[in-house]
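1. let's see this in three dimensions:
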Amino acid sequence: MERNSHADRFAEIIGAGNVLTTPEDKAPFLVEQRDLYRGTAPMVLRPGSTEEVSAVLTYAYENGLKIVPQGGNTGLVGGQIPTETGDEIVLCLGRMNKVRHVDPDGFTITVDSGVVLETLQNEAEKVDRLFPLSLGAQGSCQIGGNISTNAGGTAVLAYGNTRDLVLGLEVVLPNGDIWNGLRTLRKDNTGYDLKQLFIGAEGTLGIITAASLKLFPKPKKLEVAFIGLASPHDALKLFSITKAQAGPVLTGFEILPRIGVDFCVAHLDGARDPLEGTHDWYVLMELSSGSEAFPVRDLMESILGEAFEAGLVEDAAFAQSLAQVKDFWHIRHGMSEVQKHEGGSIKHDVSVPVASIPAFLDKAMAAVTEFVPGCRPVPFGHLGDGNIHFNVSQPLGADKEDYLSKWDEMNAIVHGIVHDFHGSISAEHGIGRLKRDLLKGVKSELELDLMQRVKAAFDPKDLLNPGRVL
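-> Model prediction:
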């Protein structure tokens, strides 16, 4: 069947206006935000309902057409971008953006997969509830993509990864079958927990079309501090003191290097240094409680008082208003974005045991500096859950393309050190295309075989996001 005949059939299913075939209409869906991946596709499909997704996949399955699911196109490992071969059709879920049901008493919300994360957060806030997933891309990423990649973010310490927030899913399988697993039960011990197969599968086993998610009490008391200190070793000791005193009241603990703060002040709109002096490292710490009566400020002062006495903290600023809370977090969330203004940046999304973070940073920073003299490590991230975004900016004045040509070699150095610390080469961004070939080095033959068997059982024709993850 000719390509235009496929487009005609899809137009019958989802409407001609939702079958994009011109280069200018397709362009935004064919490039990854960091410009690491650019692909081609005969068309981009924009279904508006689960039934339309089902009909599209049924037709694609019958005709051997490859489908690449895409949400907000904020993924960082290339899984949502078609290849350059031109034989993959992009299926974008952005039109599926309905909030289906909110249950504040049961602390649940059910939404279409195309709902933007920030919209979901706002819907929870309307009923005095919290949806805790928080990412730098929350203004454009979609919850279906968040679930498909098991996104992490800054609230994992208190609330867990996206996987921990999902109660039920609705999924269209590669052959077009619809699995309705939109349950909101907190306990359901009736066999295999099928939803877990699709969470983090990056669209290779099925397309998530809706989700039932957990809500939490909205914090009534919130304290945020921006803290200057000398080293990650001191930051770890501060975390230990804080966790021991605050327990579940500790809802954020992020480590930032001086160079990252400098980048933000230089390039991020509205950013300014929260402290008067300069410090080699910083911690952004958040305590929160759902009770107005809980003395959160007193607890923060107690923790920092103990840390000052122990010589761990050099200076600290408390957020004095909600606007200042947002300003502090603006620096953290903007840290990835600003690096592009400093030339090429080689990225690593890794995790090691929390107690190993200082030693890992010491070893990894020394190793990359030896490999590329003058390079500028910008490691930052979630010290409280062991996830560090170990990014390395090019030396000042270096040739960007020449520097980026060292990507694989630097990855091998950093990932080797991660392996020494029994960590993971992908903490929260996924595998996609970027890290697919690295799996052989970190997964056993049995693990890879089991993953291949799962893929073959769900997608025997290998038509749904082929070549990603596996």
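
2. quick one: contacts for T40?
-> L30, P82, T83, E84, T85, G86 (C-beta atoms under 8 Å, 6 or more residues apart in numbering). Just so you know, the C-beta spots here come from the backbone N, C-alpha and C atoms, and that holds for glycine as well.

3. neighbours of the closest residue in space to T58 that isn't next to it in sequence, just the number please.
-> Spatial nearest neighbour of T58, excluding adjacent residues (C-beta to C-beta, 6 or more residues apart in numbering): G176 at 3.1 Å. When neighbours are counted by other C-beta atoms under 10 Å, G176 registers 16.

4. now do the one 3 residues further on
-> When neighbours are defined as other C-beta under 10 Å, W179 has 15 of them.

5. ditto for the one 10 residues further on
-> By the other C-beta under 10 Å criterion, the neighbourhood of N189 contains 6 residues.

6. what distance do you get for it to I109?
-> 24 Å (C-beta to C-beta, to the nearest Å).

7. show me which pair in the contacts of T40 is furthest apart.
-> L30 and T85 (12.6 Å; C-beta to C-beta).

8. quick one on the thing from earlier: show the contacting residues for the residue nearest to T58.
-> G176 neighbours (C-beta under 8 Å, 6+ apart): S54, A55, V56, L57, T58, Y59, Y61.

9. any chance of the residues you listed in JSON lines with neighbour count and pLDDT as columns?
-> JSON lines is the format used below for those (neighbours: other C-beta atoms under 10 Å; pLDDT from 0 to 100):
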{"residue": "S54", "neighbour count": "20", "pLDDT": "98"}
{"residue": "A55", "neighbour count": "19", "pLDDT": "98"}
{"residue": "V56", "neighbour count": "23", "pLDDT": "98"}
{"residue": "L57", "neighbour count": "26", "pLDDT": "98"}
{"residue": "T58", "neighbour count": "17", "pLDDT": "98"}
{"residue": "Y59", "neighbour count": "16", "pLDDT": "98"}
{"residue": "Y61", "neighbour count": "20", "pLDDT": "98"}
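
10. could you dump those residues to a markdown table with distance to Q142 and secondary structure?
-> Shown next, in a markdown table, are the contacts of G176 (distance: C-beta to C-beta, whole Å; DSSP: H, G, I helix; E, B strand; the rest coil):
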| residue | distance to Q142 | secondary structure |
| --- | --- | --- |
| S54 | 19 | helix |
| A55 | 21 | helix |
| V56 | 18 | helix |
| L57 | 18 | helix |
| T58 | 23 | helix |
| Y59 | 24 | helix |
| Y61 | 24 | helix |
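
11. just those residues now: which is nearest R183?
-> Of all the contacts of G176, S54 has the smallest distance to R183: 19.7 Å, by C-beta to C-beta.

12. SS state for the residue nearest to T58?
-> Three-state assignment for G176 (DSSP: H, G, I helix; E, B strand; the rest coil): coil.

13. not counting its own residues, what contacts stretch 324-337?
-> 135-136, 154, 222, 224, 226, 254, 256, 260-261, 263-264, 268, 270-272, 274, 284, 319, 378, 380, 389, 391.

14. of the residues you listed, just the buried ones, PyMOL syntax please.
-> To isolate the buried ones among these in PyMOL, judged by 16 or more other C-beta atoms under 10 Å, type:
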select buried, resi 135+136+154+222+224+226+254+256+260+261+263+264+268+271+274+284+319+378+380+389+391
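
15. looking at the contacts of stretch 324-337, which are in helices?
-> Counting by DSSP state H, the contacts of stretch 324-337 place G260, V261, F263, C264 in helices.

16. what's the spacing between the last one and F328?
-> The one in question is C264. For C264 relative to F328 (C-beta to C-beta), the value is 11 Å.

17. same deal with V354?
-> Where F328 is concerned, V354 sits at a distance of 22 Å (C-beta to C-beta).

18. which one of these two has more residues nearby?
-> Per other C-beta under 10 Å, whichever of V354 and F328 has more neighbours is F328, with 23 against 19.

19. may I have the secondary structure class of that one?
-> Relying on three-state DSSP, one would call F328 helix.

20. distance check, it against H382.
-> Counting by C-beta to C-beta - F328 and H382 are separated by 16 Å.

21. could you do T184 as well?
-> For T184, the distance to H382 - C-beta to C-beta - is 28 Å.
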